[in-house]
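K.L.:
Generate a structure from the sequence data that follows.
(3 chains)
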Amino acid sequence: MALLDGSVEVAELTADLDIHGVTTVGWDDLPALVASRESASSRWVWADVRDVYPHLLSAGVRVQRCCDLRLCHAILAGSTYVEWAMGADDARWRQPDPPASEDVPSLLDLPGGATDRSLAEIVSEHRRQQQAAAASTHPERIRLLLAAESAGALIAAEMKFGGLPWSEQVHDRQLTEVLGPRSLPGGRPAKLERLVEDIREQLGNPTINPDSQPDLLRALRGVGIGVQSTRQGELEQVQHPVIAPLLEYKKMNRLLTANGWAWMAAWVRGGRFHPDYVPAGVVTGRWATRGGGALQLPKQIRSAVVADPGYKLVVADAAQLEPRILAAMSRDEQMARASRRGDLYQALVDEEIMDTRAHAKVAMLGALYGATSGGGGQLMPRLIRAYPKATGLVEDAARRGERGGVVTTWLGRSSPPPPDVWHAAQRRASQPEATAAEQQAARRQARDWGRFTRNFVVQGTAAEWALCWMANLRKLLAALPSATTDESAADIDQSAAEPRAGRAELVYFLHDEVIVHTPARLAGEVEQAIRQAAAEAGRLMFGSFEVNFAVEIAVVDDYGQAK
DNA sequence: ATCCATAGCGCC
DNA sequence: AGGGCGCTATGGAT
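P.N.:
Numbering: from 1, shown residues only, chains lettered A, B, ... in the order given. Model (predicted):
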């Protein structure tokens, strides 16, 4: 599909990617055309899901599969699995993300920013990508990654469109309970205002603004508190009457500014929270958000995520995902066996490798994140003895990063090379006239980059697993029956708040966690689908190597009840 | 008025 | 002594 001014060209491709037929339609007619051609074998090829799919969704049309050329290009262009050059017009497909829109997100995102590309350009890029994948060192993995990435783009658009069920009433009640009644614009809520007065009194400063870090630091020092920062962790060490109200103020003010009434007004409409997800917005392939902060939803307010009447939230969490991923990608039999026994940390205790579960967890996270000292560092030798292949994989990734090299996830997403300034610092430090400070700085930067590449392979592969999990789940949910028995009611009820009445739908994703909003009577089937999708994701990625990807599921009325 | 870096804290 | 993020308020720079 190519996007042109005011209209869209849609081509059908043969198996060898020749253009079989071309249709030109206006934007308004596109949804009907897509709906009429959509079938189990269709894969829509789009320059960018963000240009097309919101338009289709608002017209009530969903598609099963697509290829997002922008996202796929980014993967292929960077992957060490791919040696086939992606072509000279690379830059055309390496476009920066558009700036976040000023206005409040709308359910009727019209395709105003559609990328203008000729049909020929799209077809030739698609062909290049297919060839690049076929010629890669791991064609199956790359193809899986491209499919999963594209499915993720569809899911992100669908989740933004449908939104996360959100009770403004519950949220408002929580805010009022914690912060006190809402004040006039510009003023602080009652409880917050009282805390500020208390803080000012304790500091003997009637005008101090606790939001101003420099002023606050000076005021604290003025009453003999010798802290270096106003950070919570440092303030907690201090004995002084101002500390308690100050810490309480900081916590409450955080809630007010990040997820208070202003946030609600901006992001919640008609009982749904509509955040902007950005697939692959993180270098490792994780999703990011731009606006709404959906991936930082504080636990404090999760009880405002409330299922509709007659519905349930099925909250599923891939337990200890990253260590399980490491076990699978390193083919570490010992660790894989531990994964099948359930709790990976407890397994280290049972095998008498670690003395407590807490130690086991610290050691494992140390291996994944690159702890160099402290608890994690101390325990590392034991972990290395227990799981030589797994620890070897992350160690290799770290060494490669320290040398300025590139690492690649299981399915084929590669890390960015270190920036020029990094190389410059390493070069400078290797000169005979380098100062000790330069050498020390270079060593530190090398270790920093090694920690990044160490974590990249695991975090990135975990992100791939999560995409496969969601793509499988989306397919299984679509196959579930609608719980609405009265078909005409389903038609009438197609409001913005209930985009697909009677159906189970993915409504939230958070790295290793999903929420499905489902008619209560389908909750059991949804739960089964979630587990099946997880097992299938493991098989798709790692074949017969048996790592258990444990999923913890809670069926609840509100998100606050999960965990 | 607008842009940018930083501190601080929320999430995985 | 850790990896990856986003968001808000602040304050200095333009």
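
K.L.:
Contacts only, for the residue in the stretch 101-250 of chain A that DNA strand B sits nearest to.
P.N.:
Using CB to the nearest atom of the strand, A:Gln232 is the residue of the stretch 101-250 of chain A that sits closest to DNA strand B, at 3.1 Å. Bear in mind the C-beta positions are built from the backbone N, C-alpha and C, glycine included. Contacts for A:Gln232 were tallied using CB atoms under 8 Å, 6 or more residues apart in numbering; they are A:Leu247, A:Lys250.

K.L.:
A:Tyr508 against A:Glu158, yeah?
P.N.:
No: here A:Tyr508 lies out of contact with A:Glu158, judged by CB atoms under 8 Å, at a distance of 11.6 Å.

K.L.:
which residues in chain A form strands?
P.N.:
Listed in chain order, the strands found in chain A under DSSP state E are A:2-4, A:7-13, A:19-26, A:44-46, A:66-68, A:164-165, A:268-269, A:272-273, A:277-278, A:288-289, A:311-318, A:505-509, A:513-519, A:551-556.

K.L.:
Listing partners with orientation, what would you give for the third one?
P.N.:
Partners of strand A:19-26 in the sheet, by DSSP bridges, are strand A:7-13 (antiparallel).

K.L.:
Contacts made by the partner strand with the rest, please.
P.N.:
Contact with strand A:7-13 is made by A:1-3, A:19-27, A:30, A:33, A:37, A:45, A:52, A:119, A:123, A:126, as judged by CB under 8 Å, 6+ apart.

K.L.:
let's see 7 Å
P.N.:
Contacts of strand A:7-13 from elsewhere in the structure, counted by CB atoms under 7 Å, 6 or more residues apart in numbering, are A:1-2, A:19-27, A:30, A:33, A:119, A:123.

K.L.:
What of stretch A:323-338?
P.N.:
For stretch A:323-338, the surrounding residues in contact (CB under 7 Å, 6+ apart) are A:339, A:344, A:347, A:364, A:368, A:386-387, A:389-390, A:392-394, A:410, A:458, A:461-462, A:465, A:538, A:542, A:545-547, A:549.

K.L.:
So which of the contacts of strand A:7-13 would count as near DNA strand C as well?
P.N.:
Of the entries in those, not a single one is placed beside DNA strand C under the rule of CB under 7 Å from any atom of the strand.

K.L.:
Now a ChimeraX select for only the buried ones of those.
P.N.:
The ChimeraX selection below is limited to those of these classed as buried (16 or more other CB atoms under 10 Å):
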select /A:1,2,27,30,33,119,123
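
K.L.:
Could you single out the nearest of the contacts of strand A:7-13 to DNA strand B?
P.N.:
Proximity of the contacts of strand A:7-13 to DNA strand B was ranked by CB to the nearest atom of the strand; the top entry is A:Trp27 with 30.2 Å.

K.L.:
so what pLDDT did the closest one get?
P.N.:
With respect to pLDDT, A:Trp27 scores 91.

K.L.:
which stretches of the stretch 451-563 of chain A aren't confidently modelled?
P.N.:
With pLDDT under 70 as the threshold, the stretch 451-563 of chain A has low-confidence stretches at A:484-499.

K.L.:
can you map out the helices along the stretch 101-250 of chain A?
P.N.:
Along the stretch 101-250 of chain A, the segments classed as helices by DSSP state H, counting those that start in this stretch run A:119-134, A:139-162, A:168-179, A:190-203, A:213-222, A:232-235, A:243-259.

K.L.:
For A:Glu248, see how far away A:Asp215 is.
P.N.:
Taking CB to CB, to the nearest Å as the criterion, A:Asp215 is separated from A:Glu248 by 19 Å.

K.L.:
for A:Glu158, that is, sorry about that
P.N.:
Applying CB to CB, the value for A:Glu158 to A:Glu248 is 40 Å.

K.L.:
Any chance of the strands of chain A in CSV with distance to DNA strand B as columns?
P.N.:
Formatted as CSV, the entries for the strands of chain A read as follows, by distance: least, CB to the nearest atom of the strand, whole Å:
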stretch, distance to DNA strand B
strand A:2-4, 28
strand A:7-13, 32
strand A:19-26, 35
strand A:44-46, 29
strand A:66-68, 24
strand A:164-165, 14
strand A:268-269, 18
strand A:272-273, 15
strand A:277-278, 14
strand A:288-289, 9
strand A:311-318, 7
strand A:505-509, 10
strand A:513-519, 6
strand A:551-556, 11
